[in-house]
Structure formats: structure tokens, C-alpha cells
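Asker: Attaching a predicted model along with its sequence, questions to come.
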Amino acid sequence: MIHRATRLLAAAAIAALAASSTSAQQPTRVRGTIEALDGNMLMVKARDGASLHVMLTNNAQVVGVVKATLADIKEGSFIGSGAVPQADGSQKAVEVHIFPEAMRGTGEGHRPWEGAANGTMTNGTVGAAVTSVEGGAVTLKYKDGEKKLIVAPGTPIVRYEIGGRDDLKAGAAVTITNAMRKPDGSLEAARVNVGRDGVVPN
């Protein structure tokens, strides 16, 4: 019985350690303004006022974010949209991101999104588009299906452009969607979205 109890305690300890390790590796979203870049260490003033230090990986991707319009969404474009499901099965866009060709396939699919109540995120290839005075409707096709996306006037639309470390200037707005919190509490990121010309990425 003693040996069995010992084995159970050991198993419980291993499970707790694994759970702790998994929890430590959950992605964290960072939104704020760049204070400085020192080597690979990006210092960010978060929107809540906290000062954060994010270690960029050596091959971290920097993506510039610029303003765009509905006219920039072409048939065959690869885009992503945070949206809210409608009663007719369509998705009403809350925001739209147009990816460069080099990022085609990023996050492809349809999944829950925390950016709005009951929100969804759909990344896919644009099919035929229909525009009207009320806005536009596009069909987003992805490997497991397709969704009809309604883009109303005034919906924020941005275009992603492949950038570089030169974009990481003090004062620029940044968003890091998947910063990993390491066991020591520090943050590490392999991609940074940075606004250009005053754009604030979501």
C-alpha cells in the first residue's frame, strides 16, 4: 500500500508539473506603444499603463499595418476578418485584414474570436465580391468550407505588409497576438504587428 501511495503521489506531482508548464506557455496578447528596442528586447508601454519587456526571437517577423479600403479587397486576396455571426448565417465584419501574398495561408480557417461577443475569426481566400451603397459582401473560402462576409461602411480595413526591425520605432503602436509567457514570467514573441503612418493595429 505504501508503494502504491508513493506511486500515486509521484504521478500527481508529474501531472501538476505538466499542467504548470502548459499554463506557463499559454499565449498572451500585447497591445501598446513602443518605448524602445534594445537588441532583441522590445519595451512596450501597454494600453493599461504597464511596462512590458518582450524578447523577440532571432527570426521574429515584423508586419507593417497600413490603412486600406473595401476597394483593396480583390477576388483571390487572402484576408482575415473578426466578425459577428448573423441570423442568416453570414458574418458581419468587425475588422478586416488583407494579407500580403507571402503570408497567404496564415491562420486559415474559421474559429472563435475574443474581439467581440460571440465573435468569430475567418481567414481565407476571397471569392466573388458584390458591392452596394450599403457596403460589400464577399465569400471567404478556406480548406474546410466557406463563409459569407458582410463589410459595412466604416468597418476598419487594414493591409499587412512585410516589414523589418526599422519599423520598431519609439511611439509606434504594436500588437503581439501570441507572446509566450515563459516559466520565469518573461515574454517571448515570434511576430509583431506595427502600425505605419499612425495606424493602431487591433
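Answerer: On my side now, so go ahead.
Asker: got the contact list for the spatially most central residue of the chain?
Answerer: Against the mean C-alpha coordinate of the chain, by C-alpha atoms, centre = their mean, the closest residue is residue 177 at 4.3 Å. Applying C-beta atoms under 8 Å, 6 or more residues apart in numbering to residue 177 gives the contacts 27, 29, 191, 193. For the C-beta atoms, the positions are set from N, CA and C on the backbone; glycine is no exception.
Asker: Likewise for residue 194?
Answerer: So residue 194 contacts 34, 62-65, 163, 167-168, 172-174, 201 (C-beta under 8 Å, 6+ apart).
Asker: Now with 7 Å, please.
Answerer: Shown in contact with residue 194 (C-beta atoms under 7 Å, 6 or more residues apart in numbering): 62, 64-65, 163, 167-168, 172, 174.
Asker: Also residue 27?
Answerer: 178-180.
Asker: for this protein, which spans come out with low pLDDT?
Answerer: Along the chain, the model assigns pLDDT under 70 to residues 1-26, 129-134.
Asker: Can you check which strand is longest in it?
Answerer: If you go by DSSP state E, the chain has its longest strand at strand 51-67.
Asker: So for it, what gets flagged as buried?
Answerer: By neighbour count with 16 or more other C-beta atoms under 10 Å, strand 51-67 contains the buried residues 52, 54-56, 60-66.
Asker: And residue 128, how close does it get to residue 62?
Answerer: Look at residue 128 and residue 62: by C-beta to C-beta, to the nearest Å, they are 33 Å apart.
Asker: Look up which residues are beta-bridged to the residue nearest to residue 46 when sequence neighbours are not counted.
Answerer: Nearest residue to residue 46, sequence neighbours excluded (C-beta to C-beta, 6 or more residues apart in numbering): residue 32, at 4.1 Å. Per DSSP bridges, the residues bridged to residue 32 are residue 46, residue 174.
Asker: Residue 32: neighbour count?
Answerer: A count of nearby residues for residue 32, using other C-beta atoms under 10 Å, gives 21.
Asker: Show me where this protein has its strands.
Answerer: Applying DSSP E to the chain gives strands spanning 27-38, 41-46, 51-67, 78-85, 91-98, 109-112, 120-132, 135-142, 145-151, 157-162, 173-181, 187-195.
Asker: Does residue 192 touch residue 60 like I think?
Answerer: Yes - in this structure, residue 192 is within contact of residue 60 by C-beta atoms under 7 Å, at 6.5 Å.
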